[in-house]
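Visitor: Fold the following for me, if possible:
(4 chains)
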Protein chains: 2
Amino acid sequence: MSTMDPIGQRQTAQRRAIREVILTARRPLTASEILTEAGGSLPGLGIATVYRTVNLLMEAGWVKSVRLPGEPSRFEPADGGHHHFFQCTACGLTFRVAGCAGALEALVPDGFHVEGHEIVLYGTCQGCSRS
Amino acid sequence: MSTMDPIGQRQTAQRRAIREVILTARRPLTASEILTEAGGSLPGLGIATVYRTVNLLMEAGWVKSVRLPGEPSRFEPADGGHHHFFQCTACGLTFRVAGCAGALEALVPDGFHVEGHEIVLYGTCQGCSRS
DNA sequence: ATAGGTGCAAACAGTTTGCATGTAT
DNA sequence: ATACATGCAAACTGTTTGCACCTAT
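Guide: You can find the predicted model right below:
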């Protein structure tokens, strides 16, 4: 899967722009953040196109969604490896956390099969803890 | 805090019914599930009252909200102890999971303070794994 | 009597969808 | 040329809010 692979059936400026914005961002972006970013070079870009393209990118395996409880969906490159998130309760910023607590299978009763998990940590970030 | 403590300033049939529905349910309920349940004995009950009462119950410490990523809020008694959730990817049912993976503080860099966390396990439940 | 609560409808955010227009192929 | 993509607006879900009416105190 190279950068030149088409998304869907056709290459369009919108799809290229949206993919680039997500792939070059250093944090997961919401749909409206993507609209703002990509809309800079593509006046008239609509939120529906962002959602349609993001869904296409997810089906194609380029992008995955990050869903923090009570937060709008964010989108990030799918190849970022397994990680979780830390959300600062003071400033609201969301940080990526590299590690992962294992042994989660042990938590469920017999007959249940754990295939995946989501962990969100809450607390105060570096900046907010200091002040 | 006894069962007779008022919620807000006044006791009303709606508030009593909504509280009882949440406190006697054996799984967390969405606002519309609460409306359906409590609405049985209170025809005309509105969804706005459910939300207003649930928010009041949360402020009062009776109830807490369960927010699974991408799911509508659910509400459960606040005194249920620390636990997490397992959501079946086949049938969609949500189960409570008693245990908890510790050592989550180790995942964040120096300067970050972990105050809480949320863990959601995904997989197949007992019934769906069998078939 | 009156502050506070309720129901309804409107408003709101996030997301999806229908449709006529536009465009990559 | 034509099937696919876009933009807009409408629809939809979950949640909150404004307001006139109602009720526990």
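Visitor: the strands in chain A, which residues?
Guide: Along chain A, the segments classed as strands by DSSP state E run A:29-30, A:63-66, A:74-77, A:84-88, A:94-97, A:113-124.
Visitor: Next, format these as CSV and append distance to B:Phe86.
Guide: Every residue, glycine included, has its C-beta placed from N, CA and C. CSV is the format used below for those (distance: least, Cβ to Cβ, whole Å):
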stretch, distance to B:Phe86
strand A:29-30, 27
strand A:63-66, 20
strand A:74-77, 23
strand A:84-88, 17
strand A:94-97, 21
strand A:113-124, 8
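Visitor: Can I get these in CSV including mean neighbour count and distance to chain B?
Guide: Shown next, in CSV, are those (neighbours: other Cβ atoms under 10 Å in any protein chain shown; distance: least, Cβ to the nearest Cβ, whole Å):
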stretch, mean neighbour count, distance to chain B
strand A:29-30, 18, 14
strand A:63-66, 19, 8
strand A:74-77, 21, 11
strand A:84-88, 22, 6
strand A:94-97, 17, 5
strand A:113-124, 18, 4
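Visitor: Need the ones you listed in TSV (columns: mean pLDDT).
Guide: Listed next are the strands of chain A as TSV, based on pLDDT from 0 to 100:
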stretch	mean pLDDT
strand A:29-30	94
strand A:63-66	92
strand A:74-77	94
strand A:84-88	86
strand A:94-97	84
strand A:113-124	90
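Visitor: Can you lay out those strands as a markdown table showing distance to DNA strand D?
Guide: As requested, the strands of chain A are exported to a markdown table (distance: least, Cβ to the nearest atom of the strand, whole Å):
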| stretch | distance to DNA strand D |
| --- | --- |
| strand A:29-30 | 16 |
| strand A:63-66 | 15 |
| strand A:74-77 | 16 |
| strand A:84-88 | 18 |
| strand A:94-97 | 20 |
| strand A:113-124 | 17 |
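Visitor: Contact partners for the most centrally placed residue in chain A?
Guide: Central residue of chain A (Cα atoms, centre = their mean): A:Phe75, 2.7 Å from the mean position. Residues near A:Phe75 by Cβ atoms under 8 Å, 6 or more residues apart in numbering or on different chains: A:22, A:28-31, A:34, A:54, A:57-58, A:63-66.
Visitor: shaky segments in chain A?
Guide: A:1-6 (pLDDT under 70).
Visitor: Helices of that one, residue ranges please.
Guide: A:13-24, A:31-41, A:47-59, A:126-130 (DSSP state H).
Visitor: Make JSON lines out of these and add mean neighbour count.
Guide: Output for the helices of chain A, formatted as JSON lines (neighbours: other Cβ atoms under 10 Å in any protein chain shown):
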{"stretch": "helix A:13-24", "mean neighbour count": "19"}
{"stretch": "helix A:31-41", "mean neighbour count": "18"}
{"stretch": "helix A:47-59", "mean neighbour count": "17"}
{"stretch": "helix A:126-130", "mean neighbour count": "13"}
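Visitor: Which of these sits closest to A:His82?
Guide: In terms of Cβ to Cβ, the element of these nearest to A:His82 is helix A:47-59, at 16.9 Å.
Visitor: got CSV for the helices of chain A, with distance to chain B too?
Guide: Putting the helices of chain A into CSV (distance: least, Cβ to the nearest Cβ, whole Å) gives the following:
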stretch, distance to chain B
helix A:13-24, 18
helix A:31-41, 14
helix A:47-59, 13
helix A:126-130, 4
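Visitor: Could you export these as JSON lines, including distance to DNA strand D?
Guide: Below are the helices of chain A laid out as JSON lines (distance: least, Cβ to the nearest atom of the strand, whole Å):
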{"stretch": "helix A:13-24", "distance to DNA strand D": "3"}
{"stretch": "helix A:31-41", "distance to DNA strand D": "9"}
{"stretch": "helix A:47-59", "distance to DNA strand D": "3"}
{"stretch": "helix A:126-130", "distance to DNA strand D": "24"}
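Visitor: All set now, cheers.
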